[in-house]
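Undergrad: My questions are about this predicted structure, shown below with the sequence.
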Amino acid sequence: MAEGSASISEVETSFQKFAVHGDTKARGKEMNGKNFVKICKDCNIIDGKNVTTTDVDIVFSKVKVKSARVITFEQFNQALTELAPKRFKGKSKEESLPQLYALIVGKEPANIGVTKVAKAAAVDRLTDTTKYTGAHKERFDESGKGKGKVGREDVPDNSGYVGAYKGSGTYEEKVKEG
């Protein structure tokens, strides 16, 4: 019996990891429907034949309280008890539930392949700084790194030197002469 209780705590650890996935306000005590489907997909409870996402959604709706949008760990266990015989056809609830727990233990939410970065030739062509011309070319150095604010603005030279001034001496000397 002690072995079964250890696996329950390991299942609860996985439950908490999936419960907080993608939700910054989540505390790990309750799981929403989206994360319940995710734990079922990531742990291969959904096999596409015996158990589908529709089955998982229906079981989630059955175990949750009518007005609630989340389930607790106890309700999660009820849901697994209902899904276990479906997932492992021909076995009783008592035989199939530990096998279902074995699929969940030690799993964490997978982030690989969730969002794919669009990498097209058009994006490469538009972001290639060597092909920029005119004023835009001035915004990047030779390596293609942006210069920041210096590259975007005409920074005035406040040194006091006037390039086109052709007089001899300073302004003060001219005023004294005149």
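TA: Happy to help now that I have it.
Undergrad: CA only for contacts and neighbour counts going forward, please
TA: Noted.
Undergrad: And stretch 140-149, what's buried?
TA: 140, 146 (16 or more other CA atoms under 10 Å).
Undergrad: what distance separates that stretch from the middle of the whole chain?
TA: Centroid separation for stretch 140-149 versus its chain: 29 Å, with CA atoms, centre = their mean, to the nearest Å.
Undergrad: Check stretch 94-113 too.
TA: Using CA atoms, centre = their mean, the offset of stretch 94-113 from its chain centre is 22 Å.
Undergrad: Dihedrals phi and psi, residue 70?
TA: Dihedral pair for residue 70: phi -130, psi 160, per degrees, to the nearest 10.
Undergrad: For the residue nearest to it when sequence neighbours are not counted, give me its contacts.
TA: Leaving aside its sequence neighbours, residue 70 sits nearest to residue 32 (CA to CA, 6 or more residues apart in numbering; 4.4 Å). Contacts for residue 32 (CA atoms under 8 Å, 6 or more residues apart in numbering) come out as 19, 69-71.
Undergrad: For those residues, name the two members farthest from one another.
TA: By the measure CA to CA, 19 and 69 form the most distant pair in these, at 12.7 Å.
Undergrad: rewinding a little: would you list the buried entries among the contacts of residue 32?
TA: Applying 16+ other CA under 10 Å to the contacts of residue 32 flags 19, 70-71 as buried.
Undergrad: Point out the least confident one among those residues.
TA: The member of those with the lowest pLDDT is residue 19, at 90.
Undergrad: And the strands in the protein, which stretches?
TA: Secondary structure of the chain (DSSP state E): strands at 31-32, 70-71.
Undergrad: hang on, residue 100 packs against residue 86?
TA: No: counting by CA atoms under 8 Å, residue 100 does not reach residue 86; the two are 10.5 Å apart.
Undergrad: Tell me where the longest helix sits in the protein.
TA: helix 2-19 (DSSP state H).
Undergrad: so what secondary structure elements neighbour that helix?
TA: Counting contacts by 3 or more CA pairs under 8 Å, 6 or more residues apart in numbering; DSSP states H and E, helix 2-19 packs against strand 31-32, helix 33-42, helix 93-104.
Undergrad: Any chance of CSV for the ones you listed, columns distance to residue 126 and mean pLDDT?
TA: Below are the helices and strands packed on helix 2-19 laid out as CSV (distance: least, CA to CA, whole Å; pLDDT from 0 to 100):
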stretch, distance to residue 126, mean pLDDT
strand 31-32, 41, 94
helix 33-42, 36, 92
helix 93-104, 45, 88
